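**Student:** my questions are about this predicted structure, shown below with the sequence.
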Amino acid sequence: MIVGMTQANTGSPVSASHVKAPDDQEVVYFDGRPVLRGELTFAAIMILLGIGLVLTPILIGVLGSAWPPTAVTVICIVLGLILPFTPMIFTRTVRYRITSYRIDYEHGIINKNIDTLELWHVDDISYQQSLADRLLNVGNIIVLSDDKSTPRLELKGLPNARPIFDSLKERVIAVKRQRGVIKFDSAS
């Protein structure tokens, strides 16, 4: 059973009643961006660094014998104000499209890059979820593959990630069977 499919461009999960036959159309499990709540640890670190950068010239000026140069002060304050927004920038510049046959990973701020990973290339798939992630209903899926351009793909901050992971796991097996892909161990 495929659970965790999404309606196109919404990122919200829906369910289906069965795994589609190989000749059926491609099914979309997720199409959307990572959620900001999945980047809480990163956001907290960036906020603390931002506060530290803003306070550094002030503390040096108050505690030291001389105020730091104006350029250093301006750079610290500007960086301190920008850093807290980096998690939001990350979530706005990344997009995942996970279907029954491939994973598209779009990323980039100025230049857009799209990497496609066909599911039959997948060697292993794992799921990570911290305690905070469980409370916020987000998770990370790590995909290891023999694909030359994308040997390791980490899908971070996915909302309701467990059903997507379960669907991907089932589809990897189904797609490999459809294509007749057999994995041999090289150990003797």
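**Tutor:** Everything's here; your move. Numbering: from 1, shown residues only.
**Student:** ok, and the closest non-adjacent residue to residue 149?
**Tutor:** Of all residues not flanking residue 149 in the chain, residue 115 sits nearest, at 6.0 Å (Cβ to Cβ, 6 or more residues apart in numbering). C-beta coordinates here come from the backbone N, C-alpha and C atoms, glycine included.
**Student:** who are the neighbours in contact with the one you found?
**Tutor:** 104-105, 149-150, 153 (Cβ atoms under 8 Å, 6 or more residues apart in numbering).
**Student:** now the buried members of those.
**Tutor:** 105, 150, 153 (16 or more other Cβ atoms under 10 Å).
**Student:** distance of the first one relative to residue 80?
**Tutor:** Shown here: residue 105 relative to residue 80, a distance of 31 Å by Cβ to Cβ, to the nearest Å.
**Student:** quick revisit: so the residue nearest to residue 149, which of the three states?
**Tutor:** Secondary structure for residue 115, judged by DSSP: H, G, I helix; E, B strand; the rest coil, is strand.
**Student:** following element in sequence after the top helix by length along the chain, please.
**Tutor:** Assignment by DSSP state H gives helix 40-63 as the longest helix of the chain. Reading on from helix 40-63 to the C-terminus, the next helix or strand found by DSSP states H and E is helix 70-82.
**Student:** which elements pack onto that following helix?
**Tutor:** helix 40-63 (3 or more Cβ pairs under 8 Å, 6 or more residues apart in numbering; DSSP states H and E).
**Student:** who are the packing partners of the helix it packs on?
**Tutor:** Packed next to helix 40-63, using 3+ Cβ pairs under 8 Å, 6+ apart, are helix 70-82, helix 86-92, helix 131-136.
**Student:** same question for it: list its buried residues.
**Tutor:** 40, 42-43, 46-47, 50, 53-54, 56-57, 60.
**Student:** what angle separates it from helix 70-82?
**Tutor:** Calculated by axes from the mean of the first three to the mean of the last three Cα atoms, to 10 degrees, helix 40-63 forms an angle of 150 degrees with helix 70-82.
**Student:** re earlier: need the buried ones among the contacts of residue 115 in TSV (columns: distance to residue 32, secondary structure and pLDDT).
**Tutor:** Formatted as TSV, the buried ones among the contacts of residue 115 follow (distance: Cβ to Cβ, whole Å; DSSP: H, G, I helix; E, B strand; the rest coil; pLDDT from 0 to 100):
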residue	distance to residue 32	secondary structure	pLDDT
105	12	strand	96
150	19	coil	87
153	16	strand	95
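**Student:** go through those and say which is closest to residue 85.
**Tutor:** Checking the buried ones among the contacts of residue 115 against residue 85 with Cβ to Cβ, the nearest one is residue 105 at 22.3 Å.
**Student:** what bridges to the closest one?
**Tutor:** In this entry, residue 105 is beta-bridged to residue 96, residue 115, by DSSP bridges.
**Student:** hmm, residue 96 and it touching each other?
**Tutor:** Yes: the criterion here is Cβ atoms under 8 Å, and residue 105 meets it with residue 96 at 6.1 Å.
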